[in-house]
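Asker: Fold the stuff below for me.
(one chain, ligands or ions: 2)
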Amino acid sequence: MFFNSQGKAEVTYDAIVVGSGISGGWAAKELSEKGLKTLVLERGRNVRHGEYPTAGNDPWDYEGGERVPPEEIEEHYAKQNRTGYTIQQSRKHFFVKDSEHPYSEVKRFDWMRGYHAGGRSLMWGRQSYRLSDLDFTANLRDGIAVDWPIRYADLAPWYHYAETFAGISGQAEGLAHLPDGNFLPPMELNCVEKELKKSIAANFDGRLLTIGRTAHLTEPNPAIHGTRGKCQSRNRCMRGCPFGAYFSSNAATLPAAEATGNMTLRPHSVVHSIIMDKDTGKAAGVRVIDGETGEQHEFFAKIVFLCASALGSTFILMNTQTEDMPDGLGSSSGQLGRNLMDHHFKVGAQGRYDGFEDMYYKGRRPNGFYIPRFRNLDDASKRSDYIRGFGYQGAASRENWMRGVKEMEMTVGADFKDALIQPGPWQLGMNGFGECLPYEDNRVYINHDVKDIHGLPTLTMDAEFKDNEMAMRKDMAASAAEMLEAAGFKDIEMYDEGSYPGLGIHEMGTARMGRDPKTSVLNKWNQVWDAPNVFVTDGAAMTSAGCQNPSLTYMALTARAADYAVNELKKMNL
Ligand SMILES: Cc1cc2nc3c(=O)[nH]c(=O)nc-3n(C[C@H](O)[C@H](O)[C@H](O)COP(=O)(O)OP(=O)(O)OC[C@H]3O[C@@H](n4cnc5c(N)ncnc54)[C@H](O)[C@@H]3O)c2cc1C
Ligand code: SF4
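Answerer: Ligands and ions are numbered 1, 2, ... in the order given. The predicted model follows:
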């Protein structure tokens, strides 16, 4: 039984936004800037910009350094630790405890989450790329899944809009399949990366290496970015940046929303389901469990934006079971929860570069290089063994004193110490990120047997990479090695460490956009076909995955949908 301690008027808003991560932050900003009284419901604790408790810590501030004791990992972070790099003393507080928020796996699925204000915008890697018409027409061309209901021209102005406010640094390259953005000055490639760039340009038609496009302020503009500061290249971003130099909801969109006076952010508000109005077929509001008190509340609004992350939003839709839709709101097409995608990676090559021994680099650049997709762009680059393509992310650096640790067991003394303070040889690694196809049988479904700490049902994942991805991976390793070889690298090693869905941390597709309510969950404005005042603008909406990191696309989709929703509200259409 749900109840409110206040009267209905006090819990009625123009808009409700569920989640305050990358998508929810944008929805909050856009809706409240356009004058809507907006309630943002966030299941985790509040994290105000600047309140990043470990931002200034060093390894010696923790007993045992950054290492988290194995028993603690086993008890609380068994799944979150699967990345191998996220669960450290200085970061673990931004990742969920699997013990409190379980999920089930028919096949291995690595679901990395952060439940707090800002969501994963605090921990993300900030790589930001546009999709292109190569991506928006891919399903149509290949005759698989469904066609996107939008094209690049629909989203291009919204990419520009999102990039301007977020601040994306990058180099314009004039590629049709990786459109340039409204860039801040690019970060710099180091000498070995520049050498590889030259070699790729000379030896491989249609391939190029560019600096990563990343959501860091390399030249802040106070008129746009407010008090956010310039990036200092400390590379401690995953702890939260006190300068606000990378884009996060906490540093950018939530303060902008707050400044309007129209936003109310309610932390510890776990959205359980949507309240449906039987007569109108629209949403009336949402049901919430208070994460601290366990109390149940209802909040009402004219429109609801679900931005709880792809699987979080899909869960809320599935948990909204009505007489008409026993499998959840948006399930009439049978596609809700299906077509789960992620990028596959952890495959590529690495090598040593002899030379440039008198060169080094300055700071800890929080970015690497990017080699855009070069396969299946046209007839000349067409592969017979797989469709779609991949890009590479990588970096060159000099080995440090750690290379001596093995020797330390055998030798000590002044000579050894002197040797260790010299930088080691240059190493370069490049890691492919490949597109995964939208397979109908890759899916999530609700699990009423396993409950979370709030007593809510949980999700079960049943997804895998298939033949197309496996064939692509062979090429991802071989193509990386051939580029390193052509550039004169030594000791080149190809690797394929295996990749499970989820680990790319780009879950997508479980409430896809489409042109037909019979085969998709959302229309071209991200409205649920079955309830037009409910919008889903996070990764769930994606009809195909591209191979680019997707969050910039969620920002653009969210801003576009918010603009549409407000216009429709003004026309009394919602
Ligand atoms: C280590 C790491 C590196 C990454 N690198 C990149 C990168 O380089 N480039 C890129 O594009 N992407 C990257 N990502 C992915 C990126 O973080 C996500 O795509 C992005 O954050 C998704 O935005 P979102 O708003 O949909 O979800 P999130 O940012 O996850 O936010 C969802 C929010 O909803 C809240 N929520 C969930 N359920 C409920 C509920 N029932 N009620 C109320 N609130 C709820 C959560 O607490 C959370 O705050 C990375 C992620 C990680 C963790
Ligand atoms: S590298 Fe830049 S964005 Fe990251 S923590 Fe340092 S100053 Fe902030």
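Asker: make it CA atoms for all contacts and neighbour counts henceforth
Answerer: Noted.
Asker: near ligand 2, which residues of this structure?
Answerer: With Cα under 6 Å from any ligand atom as the criterion, the chain comes near ligand 2 at residues 216, 231-237, 241, 243, 245-246, 366.
Asker: I'd guess Gly114 is in a strand, am I close?
Answerer: No: using DSSP: H, G, I helix; E, B strand; the rest coil, the secondary structure at Gly114 is coil, not a strand.
Asker: any idea how far it is from ligand 2?
Answerer: Distance of Gly114 to ligand 2, computed by Cα to the nearest ligand atom, to the nearest Å: 18 Å.
Asker: show me what contacts the spatially closest residue to that residue that is not a sequence neighbour?
Answerer: Take Gly114 and drop its neighbours on the chain: the residue closest to it by Cα to Cα, 6 or more residues apart in numbering is Phe95, 4.6 Å away. The contact partners of Phe95, by Cα atoms under 8 Å, 6 or more residues apart in numbering, come to Gln80, Ile87, Met112, Arg113, Gly114, Tyr115.
Asker: just Ile211 next, same as before
Answerer: By Cα under 8 Å, 6+ apart, the neighbours of Ile211 are Gly170, Gln171, Pro186, Met187, Glu188, Leu189, Asn367, Gly368, Phe369, Tyr370.
Asker: could you redo the last one with a cut-off of 7 Å?
Answerer: By Cα atoms under 7 Å, 6 or more residues apart in numbering, the contact set of Ile211 is Gly170, Gln171, Pro186, Met187, Glu188, Leu189, Gly368, Phe369, Tyr370.
Asker: backbone phi and psi for the last one, please?
Answerer: I take that to be Tyr370. When read as degrees, to the nearest 10, the backbone of Tyr370 gives phi -130, psi 130.
Asker: My guess is it contacts Arg207. True?
Answerer: No: between Tyr370 and Arg207 there is no contact under Cα atoms under 7 Å: 10.7 Å.
Asker: higher neighbour count, these two?
Answerer: A direct count of neighbours by other Cα atoms under 10 Å for Tyr370 and Arg207 places Tyr370 higher, at 21 against 16.
Asker: ok now do that one, which residues does it touch?
Answerer: Tyr370 is in contact with Leu209, Thr210, Ile211, Gly212, Tyr392, Gln393, Gly394, counting by Cα under 7 Å, 6+ apart.
Asker: Can you tell me which of the residues you listed has the most neighbours?
Answerer: Highest count within the contacts of Tyr370 by other Cα under 10 Å belongs to Gly212, 29 neighbours.
Asker: Now for that one: which residues touch it?
Answerer: So Gly212 contacts Gln127, Gly170, Asn367, Gly368, Phe369, Tyr370 (Cα under 7 Å, 6+ apart).
Asker: Tell me the secondary structure at Met430.
Answerer: Per three-state DSSP, Met430 ends up strand.
Asker: Could you check how many residues crowd around it?
Answerer: Neighbour count for Met430, taken as other Cα under 10 Å: 28.
Asker: now it: how far from ligand 1?
Answerer: For Met430 relative to ligand 1 (Cα to the nearest ligand atom), the value is 15 Å.
Asker: Next: Gly244.
Answerer: In terms of Cα to the nearest ligand atom, Gly244 sits 16 Å off from ligand 1.
Asker: residues of the host helix or strand of Trp158 that come out buried?
Answerer: According to DSSP states H and E, Trp158 maps onto helix 152-166. Buried positions in helix 152-166, judged by neighbour count with 16 or more other Cα atoms under 10 Å: Tyr152, Leu155, Ala156, Trp158, Tyr159, His160, Tyr161, Ala162, Glu163, Thr164, Phe165, Ala166.
Asker: same question, stretch 562-569
Answerer: Going by 16+ other Cα under 10 Å, stretch 562-569 has these buried residues: Ala562, Asp563, Ala565, Val566.
Asker: swap in stretch 441-457?
Answerer: Quick answer for stretch 441-457 (16+ other Cα under 10 Å): Asn442, Arg443, Val444, Tyr445, Ile446, Val450, Lys451, His454, Leu456, Pro457.
Asker: phi, psi of Met508?
Answerer: phi -150, psi 160.
Asker: Could you export the contacts of Tyr370 to CSV, including columns for pLDDT and distance to Lys490?
Answerer: Formatted as CSV, the contacts of Tyr370 follow (pLDDT from 0 to 100; distance: Cα to Cα, whole Å):
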residue, pLDDT, distance to Lys490
Leu209, 98, 20
Thr210, 98, 22
Ile211, 98, 23
Gly212, 98, 24
Tyr392, 98, 19
Gln393, 98, 20
Gly394, 97, 17
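Asker: Need the residues you listed in CSV (columns: secondary structure).
Answerer: Below are the contacts of Tyr370 laid out as CSV (three-state DSSP):
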residue, secondary structure
Leu209, coil
Thr210, strand
Ile211, strand
Gly212, coil
Tyr392, strand
Gln393, strand
Gly394, strand
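Asker: Out of these, which comes closest to Thr537?
Answerer: Thr537 lies nearest to Gly212 out of the contacts of Tyr370, by Cα to Cα, at 25.0 Å.
Asker: That closest one and Ser331, how far apart?
Answerer: 38 Å (Cα to Cα, to the nearest Å).
Asker: re the thing from before, and the contacts of Ile211, which is closest to ligand 1?
Answerer: Ligand 1 lies nearest to Gly368 out of the contacts of Ile211, by Cα to the nearest ligand atom, at 10.6 Å.
Asker: right, and the closest one touches Gly394 too?
Answerer: Yes: here Gly368 reaches Gly394: they are 5.4 Å apart, a contact under Cα under 7 Å.
Asker: Flag the shaky bits of the protein, pLDDT-wise.
Answerer: Across the chain, the ranges flagged by pLDDT under 70 are 1-6, 401-412, 419.
Asker: So what touches the strand ranked longest in it?
Answerer: Using DSSP state E to define each element, the chain has its longest strand at strand 296-306. Residues from elsewhere that reach strand 296-306 (Cα under 7 Å, 6+ apart): 2-4, 11-18, 284-290, 313, 533-537.
Asker: wait, does that strand contact ligand 1?
Answerer: No: Strand 296-306 stays clear of ligand 1 (Cα under 6 Å from any ligand atom), getting no nearer than 8.6 Å.
Asker: what do you get for stretch 233-242?
Answerer: No: contact of stretch 233-242 with ligand 1 is not found when judged by Cα under 6 Å from any ligand atom; the minimum separation is 7.5 Å.
Asker: what about the closest residue to Thr553 other than its chain neighbours, distance to ligand 2?
Answerer: Leaving aside its sequence neighbours, Thr553 sits nearest to Arg130 (Cα to Cα, 6+ apart; 6.6 Å). Distance of Arg130 to ligand 2, computed by Cα to the nearest ligand atom: 21 Å.
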